[in-house]
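J.: Sequence plus the predicted model coming up.
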Amino acid sequence: MASRCPSCCHSPASCWATRTPVCATGRPTCSRSWESGRPPYADTLAGLRDDPGEADEPDAMEGTIGDHARWALARIGDPRALPGLVERLHAPHRDGYRSYTMGDPRLPEAEEVLAPLAAHAASLLPAIRALLRGDGADGPLTRAFLKVLTAWGPAAAPALPEVAALVNDARNSLDAVDALAAMGPAAAPAEPAVRGCTVLEHPGERRRVAWAAWRLTGDRDTALRLVGEAALSGDWPYGTVRLLGGFGAAALPYAERVRQLMAGSGTRPWEATEAAVALWSITGETEPSRSVLERIVLAVVGGDFSCAHSLDALRALARVGTVSPVVRAALDTARKSDRRLSPHRDYRAFLEDEEIRSAIDEILAPPTPPPPSAA
């Protein structure tokens, strides 16, 4: 196996020990050989894509050499990862389940590999569509594929027929509705199916479906009325505040209610994050949203990753505006730290750390100078 290892690995054991970091970071782990172009080991990884070899102790490492090499290529953006990628991600699920030991190195979830690849949607969609048609609502990766299509947005529009076929399955309805809404006007032919999907017996989901129909056809008033009435009545299911923020300035009559919800979120940072983003989206005013988000971000960079919306808070703060000197200093300290900014102890630590650091870089980036005025 040693002859097949990338040159930065010094033995078969170290190759397996380092493969997960190589795959997960999306950056070369051997900084001494990094160049501005293609990583020097990319060609070697490409040659390993179909290698069926396994670790000396297969139970301690999920997947083949080829699986990990393909994942590594996908993480560094090499298009040679694309042929057969979807099929290989689906393969461990053919029997309906995956087998791996928690805590041991394992392959990522399908959506974690595919969601960042929207630029390659045209190459990947045929395989995803074929599996959605073949597996249907019972497919082991059906929900994962719907999440991928949601992340791809309008680029996923060719999959409209396969997604629309799932809106009447109770297990997949909401994920299918989200995917259709993300496609935007290109999915307008599915609007009748969206309005009649199987979750309408739940009041909270009626609002979500109305919101999705607005994204497809432009029927904003009906959706805003349903979501806004829920805000005023106190019937406030999780996630509805995010929907209200999506209407922007049109939701201004409900801004005070969103402000109250943000102030009353107390120790629930996920609710505070969504309300702060919604209020800023509606009013366009920096405060008090910035102060609320800064409080959450300070906890995150201090090591408290208990909030599932920690990354959302960072990204929102980047959108809201200039941060205070205290928060800027804390973010700079976190950026210089050599610890992983994540609570996880597997490959997810690399993925989350990369995303959090990218968000911090965006916040700390110097402001873009205005374009020169025309003479």
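T.: That came through fine.
J.: Helices along the stretch 151-300 of the chain, start to end?
T.: 160-164, 173-183, 191-195, 203-217, 220-233, 240-245, 255-263, 269-283, 289-301 (DSSP state H, counting those that start in this stretch).
J.: can you put the ones you listed in CSV and add mean pLDDT?
T.: What follows is the helices of the stretch 151-300 of the chain, written out as CSV (pLDDT from 0 to 100):
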stretch, mean pLDDT
helix 160-164, 96
helix 173-183, 92
helix 191-195, 87
helix 203-217, 79
helix 220-233, 83
helix 240-245, 86
helix 255-263, 89
helix 269-283, 89
helix 289-301, 90
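J.: Just send these back as CSV, with mean neighbour count too.
T.: C-betas here are computed from N, CA, C, even on glycine. What follows is the helices of the stretch 151-300 of the chain, written out as CSV (neighbours: other CB atoms under 10 Å):
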stretch, mean neighbour count
helix 160-164, 21
helix 173-183, 25
helix 191-195, 18
helix 203-217, 21
helix 220-233, 17
helix 240-245, 24
helix 255-263, 18
helix 269-283, 25
helix 289-301, 21
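J.: For residue 310, find the nearest of those helices.
T.: helix 289-301 (4.3 Å; CB to CB).
J.: and the closest one with helix 269-283, angle?
T.: On the basis of axes from the mean of the first three to the mean of the last three CA atoms, to 10 degrees, helix 289-301 is oriented at 150 degrees to helix 269-283.
J.: And the next helix or strand after helix 289-301, what's buried?
T.: Counting by DSSP states H and E, the next helix or strand C-terminal to helix 289-301 is helix 310-320. Going by neighbour count (16 or more other CB atoms under 10 Å), the buried part of helix 310-320 is 310-318, 320.
J.: Of all the residues in stretch 39-49, which ones are buried?
T.: Neighbour-count burial for stretch 39-49 [16+ other CB under 10 Å]: 39-42, 44-46, 48-49.
J.: out of the buried residues of helix 310-320, which one sits closest to residue 93?
T.: Nearest member of the buried residues of helix 310-320 to residue 93, counting by CB to CB, is residue 311, at 26.9 Å.
J.: quick one: that closest one and residue 354 touch, right?
T.: No - if you go by CB atoms under 8 Å, residue 311 and residue 354 don't touch, sitting 10.7 Å apart.
J.: Please list all residues in contact with residue 147.
T.: For residue 147, the contacting residues are 111, 115, 175, 179, by CB atoms under 8 Å, 6 or more residues apart in numbering.
J.: How about residue 143?
T.: 171-172, 175.
J.: Include distance to residue 221 when you put those into TSV, please.
T.: As requested, the contacts of residue 143 are arranged in TSV below (distance: CB to CB, whole Å):
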residue	distance to residue 221
171	31
172	29
175	26
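J.: Which residues are in contact with residue 302?
T.: Counting by CB under 8 Å, 6+ apart, residue 302 makes contact with residue 330.
J.: could you measure residue 126 against residue 160, distance?
T.: For residue 126, the distance to residue 160 equals 14 Å [CB to CB, to the nearest Å].
J.: Over to residue 353?
T.: Distance from residue 353 to residue 160, by CB to CB: 36 Å.
J.: Could you look up the SS state of residue 106?
T.: Put simply, residue 106 is coil when judged by DSSP: H, G, I helix; E, B strand; the rest coil.
J.: Right, I'll call it a day here.
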